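# Give the three-dimensional model of this entry:
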Amino acid sequence: MRVVAGKNRGMRLKMVASKLTRPTTDKVKEALFSIITPYIKAGLVLDLYAGSGALGIEAVSRGYAKAYLVDHARPAIEVIRANAAATKNPQAFEIMKLPASQALTKMAEEGLKFDLLVFDPPYAKQHIANDVVQLQDDGLLAEDALLVAETDEHGFRSLNDNLPTGFTVLAQKNYGMTYLTIFKKDKVNG
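Sure, this is the predicted structure:
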């Protein structure tokens, strides 16, 4: 696994040695960032189920200012720390060892607003629609926030059936067992 593009292009990333962690393939990562490239701005990224931190690191490599990498598993946090340090820009990453809902509460208390949000939870724990509701309720979404979900087919159907109002789906792609859904927070008029 490597960083596909940007200032850290080609950098090899460590992976979490666990059967529970499923890294995003370079092919899917490249496709994902090709889709969102027109929307990239130099804002904040939230990688809520970071695993190795690859998606947040890719986003910073491509121009985002800072990524918050959240995972609750100690082995994942150790790999994230090593990968962030390897970028030679560790200050661009905030690493949080917390369950997703606790991390969101903490970030809301800090008044953070995210421009890009990445959801790649373990397939057995896909509650992305609930996470989006909490993000919205806690005021963590910047205007025009871009959200990316990587799921299996079950998670894809669940997300699309339960996507809260106020969001527009920009793209949906299928890569074997992996489904990408890219959606955007609607602008509030007035």
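# can you map out the helices along this protein?
For the chain, the helices defined by DSSP state H occupy 26-36, 54-61, 74-86, 100-109, 128-137, 153-162.
# and these as a markdown table, adding mean neighbour count?
Where C-beta positions appear, they are placed from N, C-alpha and C, glycine not excepted. Shown next, in a markdown table, are those (neighbours: other C-beta atoms under 10 Å):
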| stretch | mean neighbour count |
| --- | --- |
| helix 26-36 | 17 |
| helix 54-61 | 27 |
| helix 74-86 | 19 |
| helix 100-109 | 16 |
| helix 128-137 | 18 |
| helix 153-162 | 16 |
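# Quick check: mean pLDDT of stretch 84-92?
In this model, stretch 84-92 has a mean pLDDT of 95.
# close enough to count as contact, residue 156 and residue 178?
No. Using C-beta atoms under 8 Å as the test, residue 156 is too far from residue 178 to be in contact (9.3 Å).
# Find me the pLDDT at the closest residue to residue 143 other than its chain neighbours, would you?
Using C-beta to C-beta, 6 or more residues apart in numbering and skipping the chain neighbours, the partner closest in space to residue 143 is residue 187 (6.6 Å). Looking at residue 187, its pLDDT is 82.
# these two touch, right, residue 187 and residue 144?
Yes. Contact criterion C-beta under 8 Å: residue 187 and residue 144 qualify, at 6.4 Å.
# More neighbours: which of the two?
Taking neighbours as other C-beta atoms under 10 Å, residue 187 and residue 144 compare with residue 144 leading, 13 against 10.
# The residue positioned nearest the centre of the chain and residue 70: what is the separation?
The chain has residue 118 as the residue nearest its centroid, 1.8 Å off, counting by C-alpha atoms, centre = their mean. Going from residue 118 to residue 70 by C-beta to C-beta, to the nearest Å gives 10 Å.
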